[in-house]
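[1] 3D, please:
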Amino acid sequence: MAAEVDGPSGRLDLDACGAALEGAIEAAGALGLDVRAASGVRSGVAERSGFPTDLYVLALAGGTGVGKSSLLNALAGEPISAAGVMRPTTSEPTAWVPATRLTDAAPLLEWLGGAAVRAHHSDALCDLVVMDLPDLDSIARAHRARVDTVLPRIDAVLWVADPEKYQDAVLHDGYLRTWVRRLERQAVVLNKVDRLSSLDATRLRRDLAARLAQEGLPPLPILLTSATDGRTAELAEWLAAGKESKRVVHARLAAASRSAVEDLTGQAGLQPGAWRPLVTDEESRAATEAMGSRILAVVDLPGLARQAVEATRLAARPRGGGPLGIVRTILERGSGVSERRADPQGYLRRWRERGSLLGASEPLRDLVSGAMAAVPPAIRPTLAPLADTGVLTTSLGEAVDRAVVSDAASFAAPTSRLWPFLGLAQLAATAALILGLIWLAALAVGVGQAETPLVELPLLGQVPLPVALVAGGILGWFVLGRLLLAHAGWLGRRWAARLQERIRAEVQDSVRTAALGPLDRLDARRGDLAKAAADAHSACRAEA
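    This next block holds a predicted model:
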């Protein structure tokens, strides 16, 4: 299609129109809607664009006996389509083709399914092919099937009725309701008005216009004709007004595209420019926080904090606990105590042992249930799986697994430059204790009879040196141990707070991606479809 052409009443951006249809099909398909009809329109638009656009096809469509063939013969001024009292008369389409365009029209007529060709020599209608279709209400099913096959490819239509059938349900319910929105150039012909007075003919025109308005259809030209007495002036004037075939063809393609997009948005329960998200940002945020809180309760962040503190203290003992700290560390690791009490990474990975995520899915199920009530039945099958408990619980579990092993969750326990100095002090205290004990043992067994040195201690006065060494070693070991424990605990709690925050953020982010991501993507496709409808409304409709 050309990028931009003149429409019957303005400018049409056909490239933008085609892009809107393409976008609508893609978005509707992602929503699980039936896009076969729209895809057929897209194919039809592409195929029709491959044929000459300076020649357009006008169909005469109507019920049995309304005089379509007679009307065509009156326009031609010669009998080119069979007319008679036997009903239905028209079994196959008859095409009235400009004599100078027979070669150009042949491929187009073949694409339309074929027709009996009759040539005309009207200079005023040199770019017009008039096709007389089988009857809409024919008792022969093949006739109506032929009409239903041809109409989607026709460029313009004259809906022919008469005073007896202008209110016919087949015409209105079976065709006008469906096709009026899909065609840019069309009119209703009230034939056989020679049987009516001028006043009655005017009344019928007014009644038919009121019926179309009641059915919510856009206003159509209503032309009064009579094939019997040659009263075709209104019809001839209407035909002459649409003689610029390119405008008619392009307007037809644009109208079909716009109608296809409107059908898809109707299935989705959307209106151009009136799209609203199924879930607001506030609702989404509240559901994410609620699910995250329930998941974190299972993960057990307080327990993680205790593990982090113990892991920090475990890292501090061999560095700042002196010889006894090293021995204790070896014993704890050998017995598995440290793996149970000081392994924050393992504790997180074992989160499934501490509970189930069934309760965590409830906020999302409530959210999806509310969203389902706001969408039409066509979209609900796509939305319903998002609330499936089993699938959702699995997704949430996978999200937690990703969070607890993420790079953001660094499980390397912190260390301090102070600890080696405390370790040296612990070594000195231990050495003093051991020396004092050996000295006292020697004195007890009578080794060394020299006088034992005394040291002056505050409050205690003079105390034998070996006793002072033992007491000082024990006191130093206790104080330094408490100091190391307090410092390591302080570092561990700081690390635990950072670890908790990282895990909390990772869980919240993973939960949103796993649980609300599909809902967000579905909502985004609804937005894409609504945008396509708005684009089609502006690009596929010529404005005055």
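
[2] tell me which element R402 is part of?
    Element membership for R402, per DSSP states H and E: helix 389-404.

[3] Which positions in that helix come out as buried?
    392-393, 395-397, 399-400, 403-404 (16 or more other C-beta atoms under 10 Å). (Glycine included, C-beta is placed from N, CA and C.)

[4] Stretch 511-527 now?
    For stretch 511-527, burial by neighbour count (16+ other C-beta under 10 Å) applies to 511-512, 514-516, 518-520, 522-523, 525-526.

[5] what's the strand or helix carrying I295 packed up against?
    Take DSSP H and E as the rule and I295 turns out to sit in helix 281-299. Packing contacts for helix 281-299, counted by 3 or more C-beta pairs under 8 Å, 6 or more residues apart in numbering; DSSP states H and E, involve helix 362-372, helix 389-404, helix 465-511.

[6] To G50, which of these lies closest?
    Closest to G50 of the helices and strands packed on helix 281-299 is helix 362-372 (C-beta to C-beta; 42.8 Å).

[7] Does L519 touch S369 like I think?
    No: using C-beta atoms under 8 Å, L519 makes no contact with S369, being 11.8 Å away.

[8] what's near enough to touch L71?
    By C-beta atoms under 8 Å, 6 or more residues apart in numbering, L71 lies in contact with 60, 160, 189, 191, 225, 227, 232, 235.

[9] Outline the domain layout of the protein.
    54-244, 281-411+418-537 (automatic domain parsing).

[10] Flag the shaky bits of the chain, pLDDT-wise.
    1-12, 78-91, 124, 243, 272-274, 334-339, 406-410, 447-450, 542-544 (pLDDT under 70).

[11] in it, which spans are strands?
    5-7, 10-12, 56-62, 94-98, 116-120, 128-132, 156-161, 185-190, 222-224, 454-457, 461-464 (DSSP state E).

[12] how about the ones you listed, which one is nearest V309?
    The nearest among the strands of the chain, by C-beta to C-beta, is strand 454-457 at 36.3 Å.

[13] Report the contact partners of the closest residue to L392 other than its chain neighbours.
    Excluding its sequence neighbours, the residue lying closest to L392 (C-beta to C-beta, 6 or more residues apart in numbering) is S361, at 4.4 Å. By C-beta under 8 Å, 6+ apart, the contact list for S361 reads 291, 389, 392-393, 396, 515.

[14] Neighbours of the residue nearest to R504 when sequence neighbours are not counted, how many?
    Counting by C-beta to C-beta, 6+ apart, R504 lies nearest to L296, which is 6.2 Å off, once chain neighbours are set aside. By other C-beta atoms under 10 Å, the residues close to L296 number 21.

[15] L296 reaches S510, doesn't it?
    No: L296 is beyond contact range of S510, at 11.7 Å (criterion: C-beta under 8 Å).

[16] Out of the domains of the chain, flag the one nearest C17.
    Among the domains of the chain, if distance is taken as C-beta to C-beta, the winner is domain 281-411+418-537, at 6.4 Å.

[17] mind checking the end-to-end distance for the closest one?
    For domain 281-411+418-537, the first-to-last residue distance is 28 Å (C-alpha to C-alpha, to the nearest Å).

[18] before we move on, back to that, from the contacts of S361, which two are the most distant?
    So, the contacts of S361 by C-beta to C-beta: farthest apart are M291 and T389, at 13.0 Å.

[19] and L220, what is it in contact with?
    With C-beta under 8 Å, 6+ apart as the criterion, the residues that contact L220 are 159, 180, 186-188, 212.

[20] one more time with 10 Å, if that's ok
    159, 176, 180, 183, 186-188, 208-209, 212 (C-beta atoms under 10 Å, 6 or more residues apart in numbering).

[21] before we move on, what about R231?
    Contacts for R231 (C-beta under 10 Å, 6+ apart) come out as 74, 191-194, 201, 224-225.

[22] if we can go back for a sec, mind listing the shared neighbours of L519 and S369?
    Residues touching both L519 and S369 by C-beta under 10 Å, 6+ apart: 383, 387.

[23] re earlier: for W96, find the nearest of the helices and strands packed on helix 281-299.
    Here helix 362-372 is closest among the helices and strands packed on helix 281-299 (C-beta to C-beta), at 53.6 Å.

[24] Find out how far the closest one is from the centre of the chain, if you would.
    Relative to the centre of its chain, helix 362-372 is centred 17 Å away, using C-alpha atoms, centre = their mean, to the nearest Å.

[25] what does stretch 286-293 give?
    That offset, for stretch 286-293, works out to 22 Å (C-alpha atoms, centre = their mean).

[26] now do stretch 102-110
    What separates the centre of stretch 102-110 from the centre of its chain is 43 Å, taken as C-alpha atoms, centre = their mean.

[27] Check stretch 519-528 too.
    The answer for stretch 519-528 is 3 Å, by C-alpha atoms, centre = their mean.

[28] what does stretch 426-435 give?
    On C-alpha atoms, centre = their mean, the centre of stretch 426-435 falls 72 Å from the chain's centre.

[29] Can you give me the buried ones in it?
    Buried positions in stretch 426-435, judged by neighbour count with 16+ other C-beta under 10 Å: 426-430, 432-433.

[30] K531: which of those is nearest?
    Q426 (71.0 Å).

[31] now the closest one, nearest residue through space, not along the chain?
    Distances taken as C-beta to C-beta, 6+ apart put G322 closest to Q426, at 2.7 Å, once the chain neighbours are dropped.

[32] OK, contacts around G40?
    Applying C-beta under 10 Å, 6+ apart, the residues contacting G40 are 152, 256, 260.

[33] are any of those residues buried, and which?
    Here, 16+ other C-beta under 10 Å leaves 256, 260 buried among the contacts of G40.

[34] Out of the contacts of G40, which sit inside helices?
    Those of those mapping onto helices are 256, 260, per DSSP state H.

[35] what would the contacts of G40 look like in CSV with distance to S284?
    Formatted as CSV, those follow (distance: C-beta to C-beta, whole Å):
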residue, distance to S284
P152, 42
A256, 38
A260, 32
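
[36] of all the contacts of G40, which comes closest to D54?
    Using C-beta to C-beta, A256 comes nearest to D54 of the contacts of G40, at 19.1 Å.

[37] Can you spell out which residues form a bridge with the nearest residue to A116 once chain neighbours are set aside?
    Of all residues not flanking A116 in the chain, T94 sits nearest, at 4.7 Å (C-beta to C-beta, 6+ apart). Beta-bridge partners of T94, counted by DSSP bridges, are A116, D132.

[38] Distance check, T94 against A115.
    T94 sits 6 Å away from A115, going by C-beta to C-beta, to the nearest Å.

[39] Fine by me, thanks again.
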